[in-house]
Structures are given as structure tokens and as C-alpha cells.
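In: structure, please.
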Amino acid sequence: MDEIQDFSRQETEFITLLSTKSKILAAGDDDQALYVGLKHAMPDFIRGLAIGNDYASFELPYCSRCTAVDEPDILFTNLVGSKGLSAEHVFVVGMMNGHFPRDAKAITDEEICSFLVALSRTRQQCHLISAGFFGQGFLPRSIFLSWVSDHLSEVIVDKNYNFTP
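Out: Next up, the predicted model:
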């Protein structure tokens, strides 16, 4: 089972029951728990597995998300390419309806997953950027911004790069 840190209490109890009948392999990272607030995930469950004697814990000798000294300070990637990565500050550009999501009235599961991946890549602060004018026309702010509006602080930058909080 992958991403076990995102399993709810009911799911973890079911896993515990299954483990009495057969060996299981549980993979996850308690520091990457994404669904604690959304579906009451239990990252403590994976920590408990590591403490008991019933499971062996294997720590990787490296961290694929840790930046080495000789790597660039800025990495440009798309949402799919960001899976498995993390950074202190993440900038998600193109947060406009008609771009992301393509159709605000028919949002796909893939777009929702991509949005959650984008949000979960940050260790300190995630910057969601809406440009308004995109290509030849105006696109309204992404509906995704309304989903996280309680956690946003808006900053407006005008054409002269003046910032207004």
C-alpha cells in the first residue's frame, strides 16, 4: 500500500485486520500527509508501525526531494513533473478558468489531483498566480482559488510591478 500516511482511521483499522491474515507492505512518508483535514488521514498510524516490532522500517539512504548543494535554486516543471518533489516556496502559475481548470463547469478528476499535488509540494509557502490576461484575452480567476480562499492572502501586481496587498 502506497501513501499510507493519507489513510483514514477506518482504512488503517482495515489494514490492521488484513495484516493478521497476510503480510503487507506499507509505504509512505508521514511528513507528506496531505489528507489530514480533508478525510481525517492518520499519519500517526505509519509512525506507530515503525515503533512496534511487527513491522520492519526501511529508511531510504537518500532523499529524492532534498536539494543538493550543486543543484539549481530554481526548478521549472509542470504539475505532473512536480510529483515526488518539494520546495520551500512553490509557484503555481496559470490559475485561471479556461487554463486551469480548462472548464470550470466540468472539472476533471485529473485536474483536481494535479491541484492537490501542486499544493502538497511546498514546505513553507505556496504561491498561486492568476494573470487575468492570458494570450489574447481575459480569463477569470480559477475556481480552485475559491476552494482554498480561507488560506489565501491576495497581492495585486500592476503593469508597473507595483505591489498592493
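
In: going forward, measure contacts and count neighbours with C-alpha atoms only.
Out: Will do.

In: for K21, see how far away V92 is.
Out: In this view, V92 and K21 are 44 Å apart by C-alpha to C-alpha, to the nearest Å.

In: which one of those two is surrounded by more residues?
Out: Each of V92 and K21 has its neighbours counted (other C-alpha atoms under 10 Å); V92 has more, 16 against 8.

In: could you pull out the helices for this protein?
Out: 9-19, 36-39, 43-51, 109-120, 143-147 (DSSP state H).

In: tell me who's in contact with A106.
Out: A106 sits next to no residue when contact means C-alpha atoms under 8 Å, 6 or more residues apart in numbering.

In: per-residue confidence for E13?
Out: Here, the pLDDT recorded for E13 equals 77.

In: what do you get for P101?
Out: Per-residue pLDDT puts P101 at 93.

In: domains of this structure: list them as residue ranges, please.
Out: Listed domain ranges for the chain are 4-51, 80-164 (source: automatic domain parsing).

In: gap between S142 and P165?
Out: S142 is 19 Å from P165, by C-alpha to C-alpha.

In: comparing the two, which residue is more hemmed in?
Out: Set side by side, S142 and P165 show more neighbours around S142, with 23 against 7, by other C-alpha under 10 Å.

In: I'd guessed the more buried one sits against M95; true?
Out: Yes. Taking contacts as C-alpha atoms under 8 Å, S142 lies within contact range of M95: 5.0 Å.

In: between the two, what contacts are shared?
Out: Counting by C-alpha under 8 Å, 6+ apart, the contacts common to S142 and M95 are P101, S130.

In: I figured V117 hits L85, correct?
Out: No. At 9.7 Å, V117 and L85 do not qualify as touching, with contact defined as C-alpha under 8 Å.

In: quick one: which of those two has more around it?
Out: When V117 and L85 are compared for neighbours, V117 comes out ahead with 19 against 16, by other C-alpha under 10 Å.

In: for that one, which residues are in contact?
Out: V117 sits next to L79, S82, K83 when contact means C-alpha under 8 Å, 6+ apart.

In: buried subset of those residues?
Out: Burial by neighbour count, 16 or more other C-alpha atoms under 10 Å: within these this picks out L79, S82.

In: nearest to I129, of the contacts of V117?
Out: Distances from I129 to these, taken as C-alpha to C-alpha, are shortest for L79 (13.9 Å).

In: contacts only, for the residue of the chain positioned farthest from its centre.
Out: No residue in the chain sits farther from the centre than K21, which is 33.3 Å out by C-alpha atoms, centre = their mean. Taking C-alpha under 8 Å, 6+ apart, we find K21 in contact with no residue.
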